[in-house]
Structure formats: C-alpha cells, structure tokens
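# coords below, sequence missing:
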C-alpha cells in the first residue's frame, strides 16, 4: 500500500522559516558591522560571549535532539500511518519553529553583545535546518515507511 504525503505544506513552512532565519541573522550582523550601538551602557566581555555561545550550542543539542529522538520513537511505534503522519506534522512544525526561535535568540545576542561571532552560529543553525528539508528520503527515514509517495 502506498501512503501519500502532501509535500507542499512542509516545503512552504520550511521556505518561510528559512527566509526568516536568514533575515534575522543577517540584519543584526550588518547593523553591528556598520557601527550601530543599541545598548551603549553594556560593555560586553569575551567571556560572556563565549559562555553564551556554549549555552546556545548545548541548549540546542540537548533539548532539541532529545525531544526529537523521543518523538520519533513514539511515532515509529504507532500502528496506523495516519496517526504517524499527524504526529510527525506536529514534530516537523515544532522543529522548524525551534530553528526560528534559535535565530531570534542569536539575533538578540548579536545586538546586545555587539559580537559578530554569533553570526556564524546563526549561519550554522540555518545550514543545519537543511538536514530537514522536506524530501522523500527524510519522510521514509523518520516515519520508517518505504511506501511513501509525495503529492
């Protein structure tokens, strides 16, 4: 039996979040490079900046990966494909919004600390999002079903 998946809604969400993330990361970077100071009283230190980078990476890896793994296992054990796709739709949406929130936090940190190193973390986050570009192989792997057709 073949299971159809409407790819359009996944691609629309992905493209929207991708464009928003690129804008969210690029605009603060350009503003800081142009010399705009948003919080003149703040005198940031490299220690604070590196600590924030560490927290972002650790938080992203631990929270996001653990949550996704748990949900994917839960999806795999569901007997009916319709129930699996419904739960997967929620997981995909949460995953995309997680990338959006991560880029919002990164943009805020760039503006507050005036440290452009966070731009590279934001770019990494955008690049990592491409792992979840909606395609047949992704759906087959995460839903653990070979008989999927994209419509």
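Perfect, I can see it now. Only a predicted model underlies this, so the values are computations on that prediction, with no experimental measurement involved. Numbering: from 1, shown residues only.
# can you tell me how far residue 114 sits from residue 129?
26 Å (CB to CB, to the nearest Å). For glycine as for every other residue, the C-beta is placed from the backbone atoms N, C-alpha and C.
# now do residue 147
The gap separating residue 147 from residue 129 is 27 Å, by CB to CB.
# What of residue 3?
From residue 3 over to residue 129 (counting by CB to CB), the distance is 25 Å.
# Report the secondary structure state of the most centrally placed residue in the chain.
By CA atoms, centre = their mean, the chain has its centre lying nearest to residue 99, at 2.2 Å. Assigned with DSSP: H, G, I helix; E, B strand; the rest coil, residue 99 falls in the helix class.
# least trustworthy helix or strand in the chain by mean pLDDT?
The weakest-scoring helix or strand in the chain, judged by mean pLDDT, DSSP states H and E, is helix 46-59 (a mean of 70).
# right, and the helix or strand after that helix?
Where DSSP states H and E defines the elements, the next helix or strand beyond helix 46-59 is helix 66-76.
# That next one packs against which elements?
Secondary-structure packing of helix 66-76 (3 or more CB pairs under 8 Å, 6 or more residues apart in numbering; DSSP states H and E): helix 81-113, helix 136-143.
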